[in-house]
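>>> Structure here, sequence nowhere to be found:
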């Protein structure tokens, strides 16, 4: 059993790698698009400027990130001995899989579906942060997570009120998630 757990260690850092992959890939694509302004458009809205061939690559970025996150999810479930049918597991899975779905429903073609997926992803991810922080039973991390969730809510509220969703907003939000994941992995997913 210990040998199997050791083999799973390869997936331990996939959530960190997936965010870095996503940021670097979308940043690169964004720099290749003349009309893309991160202050005016979301990352998903890059799709409206892409040729069909480049759109396929762009959509693959979402799928690859989601696949990397799924392998990390597998590691987390094994680490905490969670079954797939546990509510905490299902909530986390919905958050991870919904990110992959964003690539199949570009915002300029499927605005309402895309927006619905984003809302589901936001709520399930936020709930996952809270549930997994509680799973660690570390009061400091629970306190940190609750404060980070509050900051994420303030960020969302600010951009909803100003009606200014854009790639800068998304980057700030993902950076907050990135910090949480680094701490979660670094402190609580050790042998």
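Received, thanks. Everything quoted here is computed from the prediction, not taken from an experiment.

>>> From here on, just use CA atoms for contacts and neighbour counts.
Fine.

>>> How far does the helix or strand hosting residue 142 sit from its chain's centre?
Assessed by DSSP states H and E, residue 142 sits inside helix 139-161. Remark: helix 139-161 is offset 15 Å from the chain centroid, using CA atoms, centre = their mean, to the nearest Å.

>>> Which parts of the chain are helices?
All helices of the chain, identified by DSSP state H, fall at 2-8, 14-32, 52-79, 87-102, 111-136, 139-161, 167-188.

>>> which stretch among those helices comes nearest residue 45?
helix 167-188 (8.9 Å; CA to CA).

>>> For the closest one, buried residues please.
167-171, 173, 177-178, 180-181, 184, 188 (16 or more other CA atoms under 10 Å).

>>> swap in stretch 147-155?
Neighbour counts over stretch 147-155 (16+ other CA under 10 Å) mark 148-149, 152 as buried.

>>> any chance of the buried residues of helix 167-188 in TSV, plus pLDDT and distance to residue 136?
Shown next, in TSV, are the buried residues of helix 167-188 (pLDDT from 0 to 100; distance: CA to CA, whole Å):
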residue	pLDDT	distance to residue 136
167	88	32
168	88	31
169	88	29
170	88	27
171	90	27
173	89	23
177	93	17
178	94	18
180	96	13
181	96	13
184	97	9
188	95	7
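
>>> rewinding a little: which one of the helices of the chain has the most crowded surroundings?
The highest average neighbour count among the helices of the chain, using mean count of other CA atoms under 10 Å, belongs to helix 87-102 at a mean of 20.

>>> If you count contacts, what does it end up packed against?
Contact here means 3 or more CA pairs under 8 Å, 6 or more residues apart in numbering; DSSP states H and E; on that basis helix 87-102 packs against helix 52-79, helix 111-136.

>>> Helix 52-79 and that helix, what's the angle between them?
170 degrees (axes from the mean of the first three to the mean of the last three CA atoms, to 10 degrees).

>>> any low-confidence regions in this protein?
By pLDDT under 70, the weakly predicted segments of the chain are 1-7, 191.

>>> go with 80
1-9, 160, 163-164, 191 (pLDDT under 80).

>>> My understanding was that residue 165 contacts residue 41; is that so?
Yes. Counting by CA atoms under 8 Å, residue 41 is a contact partner of residue 165 at 7.3 Å.
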